[in-house]
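Undergrad: Requesting a structural model of the entry that follows:
(one chain, ligands or ions: 2)
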Amino acid sequence: MKVTNAEIVISAVSKKQYPNDQLPEIALAGRSNVGKSSFINKLINRKSLARTSSKPGKTQTLNFYRINDAFYFVDVPGYGYAKVSKTEREKWGKMMEEYFQTRENLKAVLLVTDIRHEPTRDDIQMYDFLKHFEHPVIVVATKLDKIPKGKRASHLKRTINTLQVEKGDLVLPFSAETGEGKDEAWGILKKYL
Ligand SMILES: Nc1nc2c(ncn2[C@@H]2O[C@H](COP(=O)(O)OP(=O)(O)O)[C@@H](O)[C@H]2O)c(=O)[nH]1
Ligand SMILES: [Mg+2]
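TA: Ligands and ions are numbered 1, 2, ... in the order given. This next block holds a predicted model:
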């Protein structure tokens with residue numbers, strides 16, 4: 001897809017703030033600092049529309065990015081950041097449930113994991129949570145550039161096995177650094193839009 005227009009429409013904390021123009025949505029879930037914002041920026045050829053940071057745990061809103069007036073990327077607040085209070089965590093959980101349980105415009109979820117590491121317990125929980133609500137999930141195994149070519153296949157396999165990725169859910173090796181997987185990502189997303 002040739003992206004000619006990309007803009008942040010709202011950083012929402014609750015349902016009544018979600019956009020109501022009925023465009024399809026693709027959400028991004030994953031650990032803090034795993035590379036969700038970088039994925040969005042790479043796909044739309046922007047250096048920093050979606051805020052990236054090396055300080056995890058910052059974004060606690062659902063950020064709706066409207067792309068070509070055709071669909072939204074929804075950047076979901078990350079998880080797995082240790083220094084978060086119980087109250088914050090509960091608030092986060094409610095926000096997740098409100099969005100993933102009821103959002104009809106949501107067409108698919110990109111679950112972003114770090115290909116270098118075995119998916120965490122939080123990653124597994126998130127995958128199961130998304131499947132519970134019957135969303136199509138595409139696992140984006142990012143930071144591919146950090147793994148030598150000869151080791152990539154075994155890292156991918158570990159990701160698939162640990163998450164117990166269901167038949168029909170795709171796993172996409174990706175790098176926001178090199179752009180590997182970008183065309184494939186658009187190819188997959190088109191089917192849901
Ligand atoms: N080498 C490498 N670094 C990445 C990649 N994707 C993200 N990063 C870095 O990881 C850090 C966190 O990325 P960010 O997109 O803000 O993560 P988010 O918290 O999930 O949105 C930043 O320093 C990025 O530059 C990637 O594919 N390769
Ligand atoms: Mg981010």
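
Undergrad: Check the gap between H135 and V13 for me.
TA: Distance, H135 to V13, using Cβ to Cβ, to the nearest Å: 21 Å. From N, CA and C alone the C-beta is placed, and that goes for glycine too.

Undergrad: Any idea what the closest residue to L23 other than its chain neighbours is bridged to?
TA: Nearest residue to L23, sequence neighbours excluded (Cβ to Cβ, 6 or more residues apart in numbering): F71, at 5.3 Å. Beta-bridge pairing of F71 under DSSP bridges involves I67.

Undergrad: how much space between F71 and E180?
TA: Relative to E180, F71 is positioned 23 Å away (Cβ to Cβ).

Undergrad: related to what we said a few turns ago, mind pulling up the pLDDT for the residue nearest to L23?
TA: Per-residue confidence at F71 stands at 98 (pLDDT).

Undergrad: before we move on, the earlier item: quick one, which of H135 and V13 is more surrounded?
TA: More neighbours surround H135 than the other of H135 and V13, with 18 against 15 (other Cβ atoms under 10 Å).

Undergrad: what does the model give the more buried one for pLDDT?
TA: 97.

Undergrad: Setting the sequence-adjacent residues aside, check what's closest to it.
TA: Closest to H135 by Cβ to Cβ, 6+ apart is V109, at 4.9 Å.

Undergrad: and what of R31?
TA: Spatial nearest neighbour of R31, chain neighbours left out: G80 (4.1 Å); criterion: Cβ to Cβ, 6+ apart.

Undergrad: That neighbour: what's it in contact with?
TA: When contacts are counted by Cβ atoms under 8 Å, 6 or more residues apart in numbering, G80 is found next to 31-32, 120, 122-123.

Undergrad: Same check on L23?
TA: 66, 69-72, 105.

Undergrad: What separation do you get for the residue nearest to L23 and ligand 1?
TA: Distance, F71 to ligand 1, using Cβ to the nearest ligand atom, to the nearest Å: 19 Å.

Undergrad: For the protein, identify the residue most remote from the centre.
TA: Relative to the C-alpha centroid of the chain, counting by Cα atoms, centre = their mean, G150 is the outermost residue, at 26.3 Å.

Undergrad: any idea how far N45 is from that one?
TA: Distance from G150 to N45, by Cβ to Cβ: 30 Å.

Undergrad: ok, back up a step: can you classify the residue farthest from the centre of the chain by secondary structure?
TA: Following DSSP: H, G, I helix; E, B strand; the rest coil, we place G150 in the helix state.

Undergrad: Point out the residues in the protein that sit beside ligand 1.
TA: Taking Cβ under 6 Å from any ligand atom, the part of the chain that reaches ligand 1 is made up of 30, 32-38, 52-54, 78, 142-143, 145-146, 175-177.

Undergrad: Of these, select the buried ones using a PyMOL command.
TA: Entered in PyMOL, the line below selects the buried ones among the residues of the chain next to ligand 1, by 16 or more other Cβ atoms under 10 Å:
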select buried, resi 30+32+33+34+35+36+37+38+52+78+142+143+175+176
